[in-house]
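>>> Could you look at this predicted model? Sequence included:
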Amino acid sequence: MFAITGAGLSKIRNMQNGGKRPRHSIDQWDRVMMERDRRLTGFLRGQTDNVEAPPGFELNNPWKMEKRFL
């Protein structure tokens, strides 16, 4: 049962990462770039080679403001 559970969890992690191996020691810069990739492609680990951003991306601002400034 332990082997089956371990294999199932490994497969789920692999699917969540878009077929890529899990990342370790992710710093703030990596988090920002992964969030940008998610906004561009729809996947956290996805990347694109398009020169131009998709329509609507210019309004897709990742910066969050505090509620007192809204």
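Arrived safely.

>>> And the pLDDT for the residue most central in space within the chain?
Compute the mean C-alpha point of the chain, and by CA atoms, centre = their mean the closest residue is L44, 1.6 Å away. pLDDT, L44: 77.

>>> What residues does it make contact with?
Going by CB atoms under 8 Å, 6 or more residues apart in numbering, L44 touches 17-18, 34-35, 37-38. The C-beta positions use only the backbone N, C-alpha and C, and glycine is treated the same way.

>>> Now, of these, which are buried?
Neighbour-count burial (16 or more other CB atoms under 10 Å) is assigned, among these, to 34, 37.

>>> From the rest of the structure, what touches the helix or strand of the chain with the lowest mean pLDDT?
Ranked by mean pLDDT, DSSP states H and E, the weakest helix or strand in the chain is helix 28-41, scoring a mean of 85. When contacts are defined by CB under 8 Å, 6+ apart, helix 28-41 is touched by residues 23, 26, 43-48, 53-54, 57, 60, 62.

>>> got any ranges where the chain has weak pLDDT?
Low-confidence segments of the chain, defined by pLDDT under 70: 56, 58-70.

>>> Strands of that one, start to end?
Remark: strands of the chain are absent; assignment by DSSP state E.

>>> about what we covered before: now the contacts of helix 28-41 in JSON lines, please, with extra columns for distance to M1.
What follows is the contacts of helix 28-41, written out as JSON lines (distance: CB to CB, whole Å):
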{"residue": "R23", "distance to M1": "28"}
{"residue": "I26", "distance to M1": "31"}
{"residue": "F43", "distance to M1": "32"}
{"residue": "L44", "distance to M1": "30"}
{"residue": "R45", "distance to M1": "30"}
{"residue": "G46", "distance to M1": "34"}
{"residue": "Q47", "distance to M1": "37"}
{"residue": "T48", "distance to M1": "41"}
{"residue": "A53", "distance to M1": "47"}
{"residue": "P54", "distance to M1": "45"}
{"residue": "F57", "distance to M1": "46"}
{"residue": "N60", "distance to M1": "44"}
{"residue": "P62", "distance to M1": "42"}
